[in-house]
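Participant: Sequence below, structure please.
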Amino acid sequence: MQKIINSKKYDSENAEEIAHFSNSYGRNDFEYMAETLYRTSKGNWFIIGEGGPQTKYATPVSGGGMSGSEDLLAFNNRDAYKWLAKHNEVEAIERYFNDRIVEA
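Facilitator: Numbering: from 1, shown residues only. So this is what the prediction gives:
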């Protein structure tokens, strides 16, 4: 998937896949959601996500109602770190955000 956001081209084919999350619902479920976090060669972060009509990826359809969809969303370092922490991606956090963690 490709998208230009603020004059920057994000392309999943030319970026490193860092982590993937799926809520494990079936693709036909209204609450199905999956996201993949990517990092570009210049260090920019983005998510490609998809979800059903009862997720943040829902889009209105003509005639009323909602449909599932997919989107590419640019992330800053803070957003990427928070997403990785939310999904307990410890290895990725240690690799890309090691300066933010300390032993308990």
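
Participant: alpha carbons only for contacts and neighbour counts from here, please
Facilitator: Fine.

Participant: Model confidence for Ser69, exactly?
Facilitator: We note a pLDDT of 95 for Ser69 in this prediction.

Participant: how many neighbours does it have?
Facilitator: Neighbour count of Ser69, defined by other Cα atoms under 10 Å: 17.

Participant: does it really touch Glu50, like I thought?
Facilitator: Yes. Look at Ser69 against Glu50 with Cα atoms under 8 Å: they come within range, at 5.6 Å.

Participant: what about the closest residue to Ala85 other than its chain neighbours, which helix or strand?
Facilitator: Counting by Cα to Cα, 6 or more residues apart in numbering, Ala85 lies nearest to Ile93, which is 7.4 Å off, once chain neighbours are set aside. Per DSSP states H and E, Ile93 falls inside helix 90-96.

Participant: Now that helix - C-alpha only, CSV.
Facilitator: The C-alpha coordinates for helix 90-96 follow below in CSV (Å, rounded to 0.1, in the frame of the first residue of the first chain):
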residue,chain,number,x,y,z
VAL,A,90,9.3,-6.0,23.9
GLU,A,91,12.0,-7.0,21.3
ALA,A,92,11.0,-4.1,19.0
ILE,A,93,11.0,-1.6,21.8
GLU,A,94,14.4,-2.8,22.9
ARG,A,95,15.7,-2.4,19.3
TYR,A,96,14.2,1.0,18.4
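
Participant: helices and strands around that helix, which ones?
Facilitator: helix 77-86 (3 or more Cα pairs under 8 Å, 6 or more residues apart in numbering; DSSP states H and E).

Participant: and the helix it packs on, which residues are buried?
Facilitator: Buried residues in helix 77-86, counted by 16 or more other Cα atoms under 10 Å: 80-81, 83-84.
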